Structures are given as structure tokens and as C-alpha cells.
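Peer 1: Fold the stuff below for me.
(4 chains)
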Protein chains: 2
Amino acid sequence: MVFHELHQKSRLSIKEVNEVLKAYGLYSSQYSILFCLKRFGSMTQTEIWQYLNVEAPTVTRTLTRLEKSGWIVRKAGSDKRERIVYLSPQAKKKLPEIQQEIQRLEENLLIALSDSEQDQLISLLKKICKSTEKGEMNDEPAGANLD
Amino acid sequence: MVFHELHQKSRLSIKEVNEVLKAYGLYSSQYSILFCLKRFGSMTQTEIWQYLNVEAPTVTRTLTRLEKSGWIVRKAGSDKRERIVYLSPQAKKKLPEIQQEIQRLEENLLIALSDSEQDQLISLLKKICKSTEKGEMNDEPAGANLD
DNA sequence: AACAATTAGTTACCTAGGTAAATAAAATGA
DNA sequence: TCATTTTATTTACCTAGGTAACTAATTGTT
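Peer 2: Take a look at the predicted model:
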């Protein structure tokens, strides 16, 4: 019951986010990477997938698309294994507007919940999967490099 | 914040379910269709995707896989456009065991929540997306045909 | 220094979910 | 009745997420 509902709402909200992002030629998971870079500054790919809690190949693929469409740039780091990801100038320019639209959408989707219900929901969600050690997440990546 | 957490937990729980289902050669979305058929009996494909709140092509694909691996059977209905989906005898035999394992897993993933917290969580989740009419779901498909 | 183990990222391949457009059968209507 | 519209399903193609196996660079060990 819980997981059915969880899964439904997750899909539904992604669908709505994609609808809004369509105007910018973006998808929700691409946006979540851009959001991440905006918040934390340049990051290595490993920092990104660890923060977003997805696997490395998923991020590789999405970054390839974001680079091709000009939203991000990747440069080699001093450690030549790693690639450091930056927002492109165009991304920096467009992102505030997109962020605002997404935030407005999210507020709409949560319109039926009071502020305290939203807090409650988050804290209940955070309790899920806590038994299996796999489910650990950090709120911040190791080193934030705002620029 | 809410949607980030929602998305995370949704993915995480699907991952765990898949882990359990691996032993049976199943994936979570395949299981959700089998679960549906067990609960409601034979259904048309439209009844399935409407109940699960996914698009028709998604169900077509998953059913094709389930049929190929012998979990379901599809027969033409009197209305020759529709295909009626049945659990195979093997599926009927195996399903109780699988269901039990999944339930045990779900209880484990929710171990940190009390019963009333789980109820609370469900009712909070149900309030999401209620603004946009798209988010309507039925608890029961039109006609339940248990057999 | 040289070999082994770890780490960052990629590639190939699988399932899931979505949209758009096509097909075929059923229902509607002039 | 015959043309039109609606409905059930499918096909083709896109993104997302996962695992397993690979490469290349760095670290560790002896």
C-alpha cells in the first residue's frame, strides 16, 4: 500500500516536472543535475551520483546529453581520472527562471498539504528503508565548491 | 525537498523489491501486474493500465515479457479488440510465496514507522497532485472478475 | 621500482515509463 | 448502409535507472 502510493506519486510528479521542462528541452533528471551544480558549484561526476544516490553510469549518460545540448561543460581535473562538471554560462543565465517555474509547480502539487504536513511527510519518508544500510544518503557532498 | 525525497525512496524501494524478485526472474513492475491479476482476476489490458496508472504501451511491453516467461496468458475477448489477461497455473502456484516474501521485505523497509505513522504517510501521499485533475486514481477496476 | 589493489569513468545491455503515430475492431450517425 | 469517430492495442522511439564488465589513472605494498 505504502509503496504502491509512493511509486505512483513519484511517477506522477516526474511527469508533471517533465511537462514544465519541455519548454527548455530538459528532462527531470537532467534538471536535478543542473540544480545540484547550481547549489554546490563544480563537482566531479562521483560527487554528483553520490549526492543524487544513483549509479555512475546513469550520471554519465545524462551528463553526455547535457553537454551535447550545451547546459554543462566537463574538464579534466588534476587527477586525470576524474572529470569536473561545470554549468555553462547559458545554463547559469537560464536556470533561475527554470528553478522558479519548477518551484511554482511543486507548490501547486503540494497545495493540499499544510506546511507542517509537508514537514511531516518529509520526515516520514526519511524513515523508510533505514533498516537496510544501503539506504544512506548525505545532505551535502564532501566539498562544496561554489563559483 | 519533498519530491527529491519521494523520488529517492521510490527508486530505493524498487531496487530492494527487484533484489527479492531476482530469484524468480521477475521485476517489480512485472510483479505489480501479477499482484493485480491475483487480486482482481482476469482483466483486460486497459483495466490493468488504468488501475496501475501507467500508459498502455508500458503494459503491453511488460505483458509481452510476462507471457514469454510463462506467468500470464492472453486470450481474445468477445470484443475482438481487447485481450483478456489471465495468470498461468504456474503463476497461481508460485505467487503466494512471492507475495509473502515481498510483504516481509516491505515490512522491513517500514520497520522504523509505527502503524499509525504508516497510515499517516499514505494519507499524506494521497494528498499530493490532487490539484491537477490528471492525478485521479481508482482503488478498484470497473468489474472484478475473480476466478 | 614494480606489481597489486583501488578508484573514476565508460560501455553494453537489461527493464521501466513516456509520447506519437499506426492498426483494427466496435460504436455512432447521417 | 456506409462513412466517421471512438476504443484497444501495438509499434517505434525517447529518457531514466540498474548491473556487469571494461579501461585508465592513482594508491598501496613489498
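
Peer 1: drop to CA atoms for contacts and neighbour counts, all remaining ones
Peer 2: OK.

Peer 1: Check chain A and tell me which residue is nearest its centre.
Peer 2: Centroid check for chain A by C-alpha atoms, centre = their mean gives A:Ser32 as the closest residue, at 2.3 Å.

Peer 1: Please report how far it lies from chain B.
Peer 2: In this view, A:Ser32 and chain B are 9 Å apart by C-alpha to the nearest C-alpha, to the nearest Å.

Peer 1: State the helix or strand in which that residue lies.
Peer 2: helix A:28-40 (DSSP states H and E).

Peer 1: how about the residues of chain A near DNA strand C?
Peer 2: A:11-12, A:15, A:44-47, A:56-57, A:59-61, A:81-84 (C-alpha under 7 Å from any atom of the strand).

Peer 1: Tell me the buried residues within those residues.
Peer 2: Buried members of the residues of chain A next to DNA strand C, scored by 16 or more other C-alpha atoms under 10 Å in any protein chain shown, are A:11-12, A:44-47, A:59, A:83-84.

Peer 1: still on that earlier bit, list the buried residues of the helix holding A:Ser32.
Peer 2: Buried-residue list, helix A:28-40, by 16+ other C-alpha under 10 Å: A:28-31, A:33-38, A:40.

Peer 1: next SSE after it?
Peer 2: With DSSP H and E, the next secondary element past helix A:28-40 is strand A:43-44.

Peer 1: helices or strands up against that following strand?
Peer 2: Helices and strands touching strand A:43-44, by 3 or more C-alpha pairs under 8 Å, 6 or more residues apart in numbering or on different chains; DSSP states H and E, are strand A:83-87.

Peer 1: Determine the set of other helices and strands touching the very next helix or strand once past the strand it packs on.
Peer 2: Next helix or strand after strand A:83-87 toward the C-terminus (DSSP H and E): helix A:89-109. Using 3+ C-alpha pairs under 8 Å, 6+ apart, the elements in contact with helix A:89-109 are helix A:2-21, helix A:28-40.

Peer 1: The shortest one: how far from the chain's middle?
Peer 2: In this view, helix A:28-40 has its centroid 5 Å away from the chain centroid, taken as C-alpha atoms, centre = their mean, to the nearest Å.

Peer 1: mean confidence score for it?
Peer 2: Averaging pLDDT along helix A:28-40 gives 98.

Peer 1: List the contacts of stretch A:90-103.
Peer 2: If you take C-alpha atoms under 8 Å, 6 or more residues apart in numbering or on different chains as the criterion, stretch A:90-103 is touched by A:17, A:20-21, A:34-35, A:38, A:70-72.

Peer 1: any weak-confidence spans in chain A?
Peer 2: Chain A contains residues with pLDDT under 70 at A:131-147.

Peer 1: interface residues of it facing chain B?
Peer 2: Within chain A, the residues that sit near chain B (C-alpha under 8 Å from any C-alpha of the partner chain) are A:1-3, A:5-10, A:12-13, A:53, A:106, A:108-113, A:117-118, A:121-122, A:124-132, A:135.

Peer 1: change it to 6 Å
Peer 2: Chain A has residues A:2, A:6-7, A:10, A:109-110, A:112, A:122, A:127-129 near chain B, with proximity defined as C-alpha under 6 Å from any C-alpha of the partner chain.

Peer 1: Make a ChimeraX selection of the buried ones in the residues you listed.
Peer 2: Of those, the buried ones go into a single ChimeraX selection, burial set by 16+ other C-alpha under 10 Å:
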select /A:6,7,10,109,110,112,122,128,129
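
Peer 1: So A:Val73: helix, strand or coil?
Peer 2: strand (DSSP: H, G, I helix; E, B strand; the rest coil).
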